[in-house]
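S.K.: Next comes the sequence, and after it the predicted model I'd like to discuss.
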Amino acid sequence: MTMRIGGCVNSARAGRCVLLLALLLAAAGCGDDAATGGGADRPDRARPLVMVTSWPLFDVARLVAGDAADVVCVVPADQDARNWRPDRAALEALAGADLVLLNGAGLEGWRGRANLPRARVVDASAGFADRFIERESEVTHSHGNGEQHSHVGSDPHVWLDPELLALQVRAVTEGLRRTVDETQRAGIDERAGVVLDRVAALGRRLAGLRATGDQRVFVATHPTWAYLARRLDLRLVEVDVTREPSAEAIAAAIGAAAGDGELAAVFWERQPPASLVERLRSELGVPQLVVEPDVVRGEGGASLPPLSVVESAVGAVESVVGR
């Protein structure tokens, strides 16, 4: 059987894009005074404008900010933040924001070309650069849409480790406290505490799963899960199933990935064809879990997808490890 974890919400995308474009243009109109200092005092905005360059951090920021700031993700809803490159309008919008929140850890490959005001930029991963997972060899594949991209250098999916996510929450909180009016800071702290409590609870669950003492292998079809695997002390093998997409080749690659260990589960990036699921079930007999860690945005602002994705992923691992 397959289990879906996370998921891409496509409905109402057009409406979100229109709203995003309007906010970008409004922010870009403030670009001329981008060098004049903090934006919380600007008379042309009722609330500070916070622009974020990744969907996981967007959800953290909007929950911590509450109604103290307007939080916008500058990356279009149908694009992967790692492949997205800001055009001129987006760069002007970022320069005109009161606060810019970067995921860091190599996610924003365009950062060196952008002239952003340092005083209003927060790299949420800067405080733990010594804990980045580095990919020394280049991994190139596609997401099924024909667009090839590579994974090399620092792995940016740090939010899948709750301990690192907590450090990002604190960095976001500090940036927001500096940006909002002083009367809003108590609310910022209170909301941040709620988010951090949830992260801490997830960390406790992970501690109970760590070091399972066996050689079971988890196969991932997308190079994303290294931080979670490291936290859980799991043996993770990444397989690119886009190079030889036939059912026979995929089954052979996944079967060979386990090597001398017991294959415990397969993490798919997105739902595979039913025929392939059935073939792998009959040939390999292992759980197949659909996990979409890069698609971490919610519909209508009602959830915290980074935590929801990690919680669901941990639940999936629990269901396998606990067998």
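M.R.: Happy to help now that I have it. Since we're looking at a predicted model, the values are computed, not measured. Residues are numbered from 1 along each chain as shown.

S.K.: okay, which residue is most central for the protein?
M.R.: Most central in the chain under Cα atoms, centre = their mean is Pro56, positioned 4.3 Å from the mean C-alpha point.

S.K.: Next, find the distance separating that one from Trp159.
M.R.: Distance from Pro56 to Trp159, counting by Cβ to Cβ, to the nearest Å: 5 Å. C-betas here are computed from N, CA, C, even on glycine.

S.K.: The longest helix seen in the chain: which residues count as buried?
M.R.: Longest helix in the chain by number of residues (criterion: DSSP state H): helix 185-209. By 16 or more other Cβ atoms under 10 Å, the buried positions in helix 185-209 come out as 185, 187-188, 191-192, 195-196, 198-199, 202-203, 206, 209.

S.K.: now swap in stretch 160-171 and tell me
M.R.: Using 16+ other Cβ under 10 Å as the test for burial, stretch 160-171 gives Leu160, Asp161, Pro162, Glu163, Leu164, Leu165, Ala166, Leu167, Gln168, Val169, Arg170, Ala171.

S.K.: hmm, back to that, kindly confirm my reading that the residue nearest to the centre of the chain is in a strand.
M.R.: No. Under DSSP: H, G, I helix; E, B strand; the rest coil, Pro56 falls outside any strand and is assigned helix.

S.K.: And the pLDDT for it?
M.R.: You'll see Pro56 listed with a pLDDT of 84.

S.K.: Was I right to think it contacts Gly104?
M.R.: No. Pro56 is not in contact with Gly104 according to Cβ atoms under 8 Å; the separation is 11.7 Å.

S.K.: for the protein, where's the lowest mean pLDDT among helices and strands?
M.R.: When the helices and strands of the chain are scored by mean pLDDT, DSSP states H and E, strand 2-5 comes last with a mean of 42.

S.K.: Was I right to think Ser54 contacts Val75?
M.R.: Yes. A contact is recorded between Ser54 and Val75 when judged using Cβ under 8 Å, the distance being 6.7 Å.

S.K.: what touches both of these two?
M.R.: Here Ser54 and Val75 have Ala81 as joint contacts, going by Cβ atoms under 8 Å, 6 or more residues apart in numbering.

S.K.: more crowded one of the two?
M.R.: Higher neighbour count among Ser54 and Val75: Ser54, with 30 against 24, using other Cβ atoms under 10 Å.

S.K.: got the residue ranges for the strands in the chain?
M.R.: Remark: strands assigned in the chain by DSSP state E are 2-5, 49-52, 70-73, 99-102, 121-123, 134-142, 148-154, 217-220, 235-238, 263-268, 288-291.

S.K.: now these as TSV including mean neighbour count and distance to Val309?
M.R.: As requested, the strands of the chain are exported to TSV (neighbours: other Cβ atoms under 10 Å; distance: least, Cβ to Cβ, whole Å):
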stretch	mean neighbour count	distance to Val309
strand 2-5	16	7
strand 49-52	27	17
strand 70-73	23	16
strand 99-102	26	19
strand 121-123	20	22
strand 134-142	12	20
strand 148-154	15	18
strand 217-220	24	14
strand 235-238	18	17
strand 263-268	23	12
strand 288-291	23	8
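
S.K.: Worst mean pLDDT among the ones you listed?
M.R.: Of all the strands of the chain, the segment with the smallest mean pLDDT is strand 2-5, scoring a mean of 42.
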